[in-house]
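Visitor: build the 3D model from these lines:
(one chain, ligands or ions: 1)
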Amino acid sequence: MASNEEQYVIRGGKRLEGEVVIAGAKNAALGILAAAVMTDDKVTIENVPYVSDTRTLLKAIENIGASVKYLDKHTVEICGKGIREGQPVDDEYIRRIRASYYLIGALLGKHKYANVALPGGCDIGSRPIDLHIKGFEKLGAKTEIVSGGSIIAQAEELHGAHIYLDTVSVGATINIMMAAALSPGKTTIENAAKEPHIVDVANFLNTMGANIKGAGTDVIRVRGVDKLHGAEYSIIPDQIEAGTFMAMTVATRGNVLIKNVIPKHLEAISSKLVEMGAHVIEYDDSVRVMADGILKSTHIKTLPYPGFPTDMQAQMAAILALADGTSIVTESIFENRFRYVAELARMGAKIRVEGNSAIITGIKKYNGATLKASDLRAGAALVIAALSANGVSTIQDIQYIKRGYEDFDEKVSSLGGMMKLAKTEQDVQRNKLEMASNL
Ligand code: UD1
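Guide: Reported below is the predicted structural model:
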């Protein structure tokens, strides 16, 4: 059975309690794993989340000649020496992940030539890469889209440049920073994105010998160096996985200690949960989330960091749908990020989408239903809703969810939630019966 036939079977109603350890940040890992091939030396990366997006990217860099060795489940040793210059990056998997675009910046910087299949990823609206291309061209590259849907970026020589990003873009900031690290001269990226994973990729590049200053502010300055060298590096915790468990705890009126996090990165999420009536206690590298009783409505607008992350929009809507009163969620980064609304409606949610806002009228409880994940974070929102619902739900198309959540069912189960990964239809039916008889 193909993996996209797997389903989650979830019985709602259990309060989540206990401790959960958050994995490394997927979006930082994707930048860092791509950047790792920019040196011919060996690089060891720790805290790599074991999710399908990182495994797909690692397969792609292995396919072009890099050596990739898992030292343990979360530690990967990469050596980019064997990469064949000019080799196109293209396989049936790489087109499915958005972050394949990081190989353009990494290979352009290293070899002055990159030929990479155009990115896929979650269908959450138009996701152009014009800003990435504009940046590469300013650094001296010529780019063309060739038949078959790949992009070629190449240069005789790269050079530092002054680059202003018209829109704050995480991907363009990281990609340009990577290519600029090996472009002689001084590059300034203005209106840069400030997400924690931008700082993480910059720190990693600096550990490899790059000279990047200002990551985490909106002006990043890069002094190009001749070459990068080997390094050991540990990836920051995943802010969105942490936020998802925080929302899930609130949905089930639970009490969970969420470990291996950087509380500062969670501030936008924590403050919204507190507005809703939850308690969030911050420790050095963990947060405790507790909720009971009635949740209060609130309004959320997604914005670039340090604003509220678009990658938590769906999960928050799933709990606002259970809050007393009317909440408005405004999506200002992507166009098509309300596809989960129709699924939540099948569980009883009252949500109306108007333009880029969702107007949510709280209900008391969801009812279990047969659901489909439309993208990664939409899928996470359905898991949250199902864990707090009356009865049993099944979620199909969980290949999207597995892109970004490591051992999701196991982590939820360890907190007392009833969530099983079913590999076959028979498995689904068996789990449904078992869970229903437990009602
Ligand atoms: C990254 C994250 C994704 C997150 C998003 C916003 C990865 C692999 N993915 O996606 O999880 O939801 O940041 O925090 O890290 N844009 C352009 N032209 C471009 C690039 C972007 O117009 O060349 C626009 C996009 O359409 C979007 C906005 O800029 O409206 C922000 O996108 P961007 O920050 O680039 O998102 P991604 O890097 O694709």
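
Visitor: tell me how far the residue lying closest to His265 once chain neighbours are set aside lies from Ile22.
Guide: Nearest non-adjacent residue to His265, counting by Cβ to Cβ, 6 or more residues apart in numbering: Gln239, 4.4 Å away. Where C-beta positions appear, they are placed from N, C-alpha and C, glycine not excepted. From Gln239 across to Ile22, the span is 9 Å (Cβ to Cβ, to the nearest Å).

Visitor: shared neighbours of the two, anything?
Guide: Val261 (Cβ atoms under 8 Å, 6 or more residues apart in numbering).

Visitor: list the contacts of Val48.
Guide: By Cβ under 8 Å, 6+ apart, Val48 lies in contact with 24, 29, 33, 54, 74-76, 235.

Visitor: I should have written Gly24 there, sorry.
Guide: Counted by Cβ under 8 Å, 6+ apart, Gly24 has contacts 46-49, 74, 234-238.

Visitor: what do you get if the cut-off is 10 Å, keeping everything else the same?
Guide: Neighbouring residues of Gly24 by Cβ atoms under 10 Å, 6 or more residues apart in numbering: 32, 45-51, 54, 74, 200, 234-238, 241, 260, 406.

Visitor: how many residues are close by the nearest residue to Gly325 once chain neighbours are set aside?
Guide: Spatially, and ignoring its direct neighbours in sequence, Gly325 is nearest to Ser297 (3.5 Å; Cβ to Cβ, 6+ apart). Ser297: 19 surrounding residues under other Cβ atoms under 10 Å.

Visitor: use 6 as the first number for this chain going forward.
Guide: That works, and once the first residue is 6, the last one we named lands at Ser302.

Visitor: from Ala394, how far off is Ser302?
Guide: Ser302 is 19 Å from Ala394, where distance means Cβ to Cβ.

Visitor: related to what we said a few turns ago, and the contacts of Gly29, which of them are buried?
Guide: Taking 16 or more other Cβ atoms under 10 Å as the criterion, what is buried in the contacts of Gly29 is 37, 50, 52-54, 56, 59, 79, 205, 239-243, 246, 265, 411.

Visitor: what about the stretch 6-155 of the chain, any weak spots by pLDDT?
Guide: For the stretch 6-155 of the chain, the stretches with pLDDT under 70 are 6-9, 125-132.

Visitor: what residues does it have near the ligand?
Guide: By Cβ under 6 Å from any ligand atom, the residues of the stretch 6-155 of the chain that approach the ligand are 32, 35, 103-104, 131-137.

Visitor: can I get the buried part of those residues as one ChimeraX selection?
Guide: Buried residues among these (16+ other Cβ under 10 Å), as a ChimeraX selection:
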select :32,35,103,104,132,134,136,137
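
Visitor: quick one: the residues of the stretch 6-155 of the chain next to the ligand as TSV, columns for distance to Gly110 and secondary structure too.
Guide: Below are those laid out as TSV (distance: Cβ to Cβ, whole Å; DSSP: H, G, I helix; E, B strand; the rest coil):
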residue	distance to Gly110	secondary structure
Asn32	15	helix
Leu35	12	helix
Arg103	14	helix
Ala104	11	helix
Ser131	21	coil
Arg132	16	coil
Pro133	16	coil
Ile134	11	coil
Asp135	15	helix
Leu136	12	helix
His137	7	helix
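
Visitor: which ones are touching Leu163?
Guide: 113-114, 117, 141, 143-146, 184-185, 187-190, 192, 229 are the contacts of Leu163 under Cβ under 10 Å, 6+ apart.

Visitor: same deal with Ile88?
Guide: 42-43, 45, 66-67, 69-72, 94, 111-112, 115-116.

Visitor: that older thread, the contacts of Val53 in helices, which ones?
Guide: Mapping the contacts of Val53 onto helices (DSSP state H) picks out 34, 38, 59.

Visitor: dihedrals phi and psi, Asp95?
Guide: Main-chain dihedrals, Asp95, degrees, to the nearest 10: phi -160, psi 120.

Visitor: next, Ile15: secondary structure please.
Guide: Three-state assignment for Ile15 (DSSP: H, G, I helix; E, B strand; the rest coil): strand.

Visitor: distance of it from Glu348?
Guide: Ile15 is 13 Å from Glu348, where distance means Cβ to Cβ.

Visitor: overlap in contacts, the two.
Guide: 376, 387, 390, 398, 400.

Visitor: would you check which pair of the residues you listed lies furthest apart?
Guide: Spatial extent of those (Cβ to Cβ) is set by the pair Ala390 and Ile400 at 9.6 Å.

Visitor: which neighbours do these two have in common?
Guide: Counting by Cβ under 10 Å, 6+ apart, the residues touching both Ala390 and Ile400 are 15, 348, 374, 376.

Visitor: name the nearest of the residues you listed relative to the ligand.
Guide: Glu348 (19.2 Å; Cβ to the nearest ligand atom).

Visitor: state the pLDDT value of the residue in the chain that the ligand sits nearest to.
Guide: Nearest residue of the chain to the ligand, counting by Cβ to the nearest ligand atom: Gly176, 2.7 Å away. Confidence at Gly176, expressed as pLDDT, is 96.

Visitor: let me see the contact set for Met253.
Guide: By Cβ under 10 Å, 6+ apart, the neighbours of Met253 are 21, 25, 259, 261, 263, 294, 320, 323-324, 385-386, 388-390, 392-393, 416-417, 420, 422.

Visitor: Ala390 and Ile400 - which one has more neighbours?
Guide: More neighbours surround Ala390 than the other of Ala390 and Ile400, with 34 against 25 (other Cβ under 10 Å).

Visitor: can I get the helix or strand hosting that one in CSV, CA atoms only?
Guide: Element membership for Ala390 (DSSP states H and E) is helix 381-392. The C-alpha coordinates for helix 381-392 follow below in CSV (Å, rounded to 0.1, in the frame of the first residue of the first chain):
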residue,chain,number,x,y,z
LEU,A,381,0.7,20.1,6.2
ARG,A,382,-0.6,22.6,8.7
ALA,A,383,-4.3,22.1,7.7
GLY,A,384,-3.7,18.4,8.5
ALA,A,385,-2.3,19.4,11.9
ALA,A,386,-5.4,21.5,12.5
LEU,A,387,-7.6,18.4,11.8
VAL,A,388,-5.6,16.3,14.2
ILE,A,389,-6.2,19.0,16.9
ALA,A,390,-9.9,19.1,16.2
ALA,A,391,-10.3,15.3,16.1
LEU,A,392,-8.5,15.0,19.5
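
Visitor: distance from the chain centre to that helix, please.
Guide: 14 Å (Cα atoms, centre = their mean, to the nearest Å).
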